[in-house]
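J.: What follows is a predicted structure for the sequence shown.
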Amino acid sequence: CLILGSENTGVNESLLSLSDITVHIKMFGHNSSMNVISAASIASYQIIREMAKL
């Protein structure tokens, strides 16, 4: 299951506590927020890439 948080508040702590792993997408520059669809695209790409190795 992939859970994405809002750009302002992130993911609720109760959901984080249920997670097996958490991932933070590093960004360069002063902005620390990424559009949620961009984050979903990056995460989905990496998940599919890792699953292809199995």
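T.: Cool, the structure landed. Numbers count the residues shown, from 1 in each chain.
J.: what about stretch 19-28, distance to the chain center?
T.: The chain centre lies 5 Å from the centre of stretch 19-28; the measure is C-alpha atoms, centre = their mean, to the nearest Å.
J.: Show me the helices in this protein, by range?
T.: For the chain, helices defined by DSSP state H occupy the ranges 13-18, 36-52.
J.: which of those helices sits most buried?
T.: Among the helices of the chain, helix 36-52 has the highest mean neighbour count (mean count of other C-beta atoms under 10 Å), at a mean of 11. The C-beta positions use only the backbone N, C-alpha and C, and glycine is treated the same way.
J.: pLDDT weak spots in this structure?
T.: Low-confidence segments of the chain, defined by pLDDT under 70, span residues 32.
J.: With respect to Glu7, which of the helices of the chain lies nearest?
T.: Closest to Glu7 of those, according to C-beta to C-beta: helix 36-52, at 6.3 Å.
J.: Contacts made by that closest one with the rest, please.
T.: Helix 36-52 is contacted by residues 2, 4-7, 23, 25 when judged by C-beta atoms under 8 Å, 6 or more residues apart in numbering.
J.: 10 Å - rerun?
T.: Helix 36-52 is contacted by residues 2-7, 23-25, 33-35 when judged by C-beta atoms under 10 Å, 6 or more residues apart in numbering.
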